[in-house]
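Novice: Pasting the sequence and the predicted coordinates here, then a few questions.
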Amino acid sequence: MTTHEQDAKTLELPWPFTGRDDELDLVRRALAAGRPGVAVTGPPGRGKTRLVGEAVRGLDCVRVTGTPGTRGLRFAAFAHLLPDTVSLHGAVRLLSGVRLLVVDDAHLLDGASAALVHQIAAHGGTRLAVTATEGVPVPAAVSRLWTAELLPRLPLPPLPREDTDRLLAAAGLEPLTTGRLHRLCQGDLRLLRDLLGAVCRSGALSAVPGGGGRAWRGPVPVTTTVRERLAAVLDRPDADERETLHRLAFAEPLPLALDGLDPGVLERLEQEGLLDVDHHGSATLAHPLYGPVLRATAGPLRTRRLARTPDRCDRALSAERAALEHRLARHDVRTVPTPVGDWLLSEGLPVPGGYAAVRARYARLRGELREAAAWAREGLRAEPEDSDCLTELDLAAGQFGDITGTGVWAAAARGDLGSALDRIAGDEVYALYDAVRLGAPERAAGRLPGDGVFAGHAAALARGDGPALDRAAEELAERGFLLFAAEAHAQAVPAHRDPRAARLSRTRAHALARRCQGARTPALSGLVLGELTARQRQIVALAASGLSNRQIAERLTLSVRTVGNHLHGAYARLGASDRGALPWLTEPAAEPA
């Protein structure tokens, strides 16, 4: 393997601001004229400073920052704005002309600076944007900004998985690797950047066959940032506590039975939030990063004593697969813990084809198409002829808009809905439901479970009932079927009689589609192609996939001139100038947030 120098160099630049659309809008509105401002709080690495920086970009503001080394110096944070000898009253007066004050790391302010910020907020003439870290001591004058309701407080949640994927897209990582990084970092962007940089510099990224991006398997690099974050785990002075933590680490991915462990040690570790105990009387480490780092720093003799062979997980892997299949049978694909499969993957061990196919199907039905394809490829790496993995790979590719496959969704991607519907066979619920997704509910009439959400979606579509389609979409989303929910909202758009309801359905469809990893199904394409005729939609879909006018004409048995005329009419309706805009127009997930 080679070190990816370009990636490591790129990491030295500021990362693009990604996600946080709702939070950014909230902060900007809080800083509008006539508003008092906002306090943004959260654990280290959540991106508080970056969020506020984006919100005040282009605005005239004054900035101050708290620092650890100056907490004992009076008005240290405001030293660049105030004379050496100034009273609190004088400082308030001198800063009265400031319209927008940005206070970063307010938890590190010296007492006088904290009191000054509080007084500025109380006087009300200056808008304030304050960031403070949770879980550390905060000056009382700062915490009273929100406890006394001088400023609204925005606790910043972890960056969602889909935004992590977008942030890491430039690195060319395959979805299972971005998922691993997301789990390990738990929304800590500083840690994420540090880990990715170390992985790139170490040469641990390898190309995935079939153009699936680059994958990271194997141990976690123990960087300086990782050591700092995990000091409470790595630097335990008590030998019994260290031994217990290492036993828990080497038991992963399975929980460790508490029998034989010192109850006093367990209680101390639990009180510090380092381990979790379940109702079965077993314990696991409280953070996904603890185990990998403890194993990486254990030393060869401890590793030899505590390490176990992968075959100990066979029964647990079968149970994990059975739990996923049970959820699929109940038409519920909400997130469930899958520690055994995730562990096999991260360790670079073979993933059985049968298990990988179930993971791929579960991800596909959730709308996580790139992850579904990645799991299918992982299963094929271990078992190259596994038919279920090959099927899942074809299904995911077709819903990306790939026209080269042979299944239902490849035909749909080619614009041949009749052929796609003809390929739906059997009585399997999810296969029958594909007809509903493709806009032909009559094909599934009376064959879907009568009291289920799929039958409700089919009935609402058959009636052209926009509100009922939106209700079906909401239930689908609640069950984890995000792509199906996006499609139901999209189908509701032309069914609504009220233009406002139609716009709301369109907005919801777009929001859900952005979480579906590039899905390009006919219903979603209809969000932007709804004003076209059926023939125009078919030709635009083929043109967006890269076919020339002549190739489209041959496929549809039309003249080249007719194809050109249809495309010209489509350009006019879509506001596109040429063929280059079509891929963007036919993929809602690619629209800017």
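Specialist: Nice, thanks for sending it over.
Novice: Next, the closest residue in space to residue 251 that isn't next to it in sequence: phi, psi?
Specialist: Excluding the flanking residues, the one nearest residue 251 by Cβ to Cβ, 6 or more residues apart in numbering is residue 308, at 7.7 Å. Glycine gets a C-beta too; all of them are placed from N, C-alpha and C. For residue 308, the backbone dihedrals (degrees, to the nearest 10) come out as phi -120, psi 160.
Novice: Can you verify my assumption that residue 308 contacts residue 247?
Specialist: No: taking Cβ atoms under 8 Å as the definition, residue 308 is not a contact partner of residue 247, at 10.9 Å.
Novice: And these two? Which one has more around it.
Specialist: Ranked by neighbour count (other Cβ atoms under 10 Å), residue 308 and residue 247 place residue 247 first, with 17 against 11.
Novice: quick one: pLDDT of that one?
Specialist: On pLDDT, residue 247 comes in at 95.
Novice: before we move on, what about the one 4 residues further on?
Specialist: Reading off the per-residue confidence, residue 251 sits at a pLDDT of 94.
Novice: contacting residues around stretch 146-165?
Specialist: Stretch 146-165 is contacted from outside by 18-20, 23, 26-27, 30, 36-42, 46-48, 51, 118, 121-122, 128, 130, 134, 144-145, 167, 175, 178-179, 181-182, 186-187, 189, 192, 370, 514-515, 517, using Cβ atoms under 8 Å, 6 or more residues apart in numbering.
Novice: Filter the residues you listed down to the buried ones and express that as a ChimeraX selection.
Specialist: One line in ChimeraX is enough to select the buried ones among these; burial here means 16 or more other Cβ atoms under 10 Å:
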select :18,19,20,23,26,27,30,36,37,38,39,40,41,42,46,47,48,51,118,121,128,130,144,145,167,175,178,179,181,182,187,189,192,370,514,515,517
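Novice: Is residue 364 part of a helix or strand, or is it coil?
Specialist: At residue 364, secondary structure determined by DSSP: H, G, I helix; E, B strand; the rest coil is helix.
Novice: check contacts around it.
Specialist: Contacts were defined as Cβ under 8 Å, 6+ apart; by that measure residue 364 touches 372, 392, 395, 396, 399.
Novice: I'd like to know which of the residues you listed are part of helices.
Specialist: 372, 392, 395, 396, 399 (DSSP state H).
Novice: In JSON lines, list those along with neighbour count and distance to residue 283.
Specialist: JSON lines is the format used below for the ones in helices among the contacts of residue 364 (neighbours: other Cβ atoms under 10 Å; distance: Cβ to Cβ, whole Å):
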{"residue": "372", "neighbour count": "27", "distance to residue 283": "33"}
{"residue": "392", "neighbour count": "27", "distance to residue 283": "35"}
{"residue": "395", "neighbour count": "25", "distance to residue 283": "39"}
{"residue": "396", "neighbour count": "28", "distance to residue 283": "37"}
{"residue": "399", "neighbour count": "29", "distance to residue 283": "41"}
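Novice: and which of those residues is nearest to residue 474?
Specialist: When the ones in helices among the contacts of residue 364 are compared for distance to residue 474 (Cβ to Cβ), residue 399 comes out closest, at 21.6 Å.
Novice: Sticking with residue 318, tell me its helix or strand.
Specialist: Counting by DSSP states H and E, the element that carries residue 318 is helix 314-329.
Novice: in that helix, what's buried?
Specialist: Taking 16+ other Cβ under 10 Å as the criterion, helix 314-329 shows 316, 317, 320, 321, 324, 327, 328 as buried.
Novice: what packs against it?
Specialist: If contacts are counted by 3 or more Cβ pairs under 8 Å, 6 or more residues apart in numbering; DSSP states H and E, helix 314-329 sits against helix 339-346, helix 353-366.
Novice: quick one on the thing from earlier: for the ones in helices among the contacts of residue 364, work out which two are farthest apart.
Specialist: Looking at the ones in helices among the contacts of residue 364 by Cβ to Cβ, the two members farthest from one another are 392 and 399, with 11.0 Å of separation.
Novice: With distance to residue 421 and pLDDT added, can I get the contacts of residue 364 in TSV?
Specialist: Supplementary listing: the contacts of residue 364 in TSV, determined by distance: Cβ to Cβ, whole Å; pLDDT from 0 to 100:
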residue	distance to residue 421	pLDDT
372	22	96
392	21	96
395	15	94
396	20	94
399	15	93
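Novice: Now flag whichever of those residues is closest to residue 80.
Specialist: For these, with residue 80 as the reference and Cβ to Cβ as the criterion, the closest is residue 372, at 53.5 Å.
Novice: For this protein, list the residue farthest from the centre, please.
Specialist: No residue in the chain has its C-alpha farther from the mean C-alpha position than residue 85, which lies at 50.2 Å (Cα atoms, centre = their mean).
Novice: how would you label that one: helix, strand or coil?
Specialist: Counting by three-state DSSP, the three-state call for residue 85 is coil.
Novice: Next one, pLDDT for it please.
Specialist: At residue 85, the model reports a pLDDT of 88.
Novice: go on, residue 22?
Specialist: If you check residue 22, the pLDDT there is 84.
Novice: Measure how buried it is and give me the count.
Specialist: 9.
Novice: if we can go back for a sec, for residue 454, find the nearest of the helices and strands packed on helix 314-329.
Specialist: Residue 454 sits nearest to helix 353-366 of all the helices and strands packed on helix 314-329, at 11.4 Å, using Cβ to Cβ.
Novice: Mind exporting the C-alpha coordinates of that closest one to PDB?
Specialist: Extracted as PDB, the C-alpha positions of helix 353-366 are listed here (Å, rounded to 0.1, in the frame of the first residue of the first chain):
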ATOM      1  CA  GLY A 353     -21.800 -13.700   2.000                       C
ATOM      2  CA  GLY A 354     -25.100 -14.600   3.600                       C
ATOM      3  CA  TYR A 355     -24.700 -12.000   6.400                       C
ATOM      4  CA  ALA A 356     -23.300  -9.400   4.000                       C
ATOM      5  CA  ALA A 357     -26.400  -9.800   1.800                       C
ATOM      6  CA  VAL A 358     -28.800  -9.200   4.700                       C
ATOM      7  CA  ARG A 359     -26.800  -6.100   5.700                       C
ATOM      8  CA  ALA A 360     -26.900  -4.900   2.100                       C
ATOM      9  CA  ARG A 361     -30.700  -5.500   1.900                       C
ATOM     10  CA  TYR A 362     -31.300  -3.800   5.200                       C
ATOM     11  CA  ALA A 363     -29.300  -0.800   4.100                       C
ATOM     12  CA  ARG A 364     -30.900  -0.700   0.600                       C
ATOM     13  CA  LEU A 365     -34.400  -0.700   2.100                       C
ATOM     14  CA  ARG A 366     -33.400   2.200   4.400                       C
END
